[in-house]
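Peer 1: sequence first, predicted coordinates after that:
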Amino acid sequence: MRAILQRVSHASVTVDEKLVGQIGQGLLILLGVGQNDSEMEVKTLADKIVHLRIFSDDQGKMNLSLLDIGGEALVISQFTLYADTRRGRRPSFTGAASPSLAVPLVERFKEAIAAHGLRVAEGIFGAHMHVELLNDGPVTIWLDTKE
């Protein structure tokens, strides 16, 4: 699994001009599922994300986690994180999981984040979404369970 984390003051997602998810302070999580991913990657990645110390403490040091600040998470499924651009000019997405594998793992990922007592908002799998955010920092972190 791959995730792009963006520390945000707030973020929202709309589909067909309808607001479907929004959060206040926390993390916008762009989540990609690969062909060989399983439940094991879900738990590993969710635990890493909620405990990652990327929020500022009173001294301005990145020393607090999403759990520490009681933040929120907006999870957006994004197969394009598996783009292969090594050849040609059109990306290949053959490394991304099919919806039959990806949908249940994305659901389990959201449940794993929520199991820590955090509020989780979401986009709509497979929909054309518009995501708005106010990046705080900016702080953007890339995670990959295979590395």
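Peer 2: That came through fine.

Peer 1: helices or strands next to the helix or strand where residue 74 lies in the packing?
Peer 2: For residue 74, the host element (DSSP states H and E) is strand 72-77. Judged by 3 or more Cβ pairs under 8 Å, 6 or more residues apart in numbering; DSSP states H and E, strand 72-77 is in contact with strand 2-15, strand 18-23, strand 26-32, helix 99-114, strand 119-122. Just so you know, the C-beta spots here come from the backbone N, C-alpha and C atoms, and that holds for glycine as well.

Peer 1: run a quick neighbour tally on the residue lying closest to residue 130 once chain neighbours are set aside.
Peer 2: Across the structure, with Cβ to Cβ, 6 or more residues apart in numbering as the measure, the residue nearest residue 130 apart from its sequence neighbours is residue 14 (4.8 Å). In terms of burial, residue 14 registers 17 neighbours under the definition other Cβ atoms under 10 Å.
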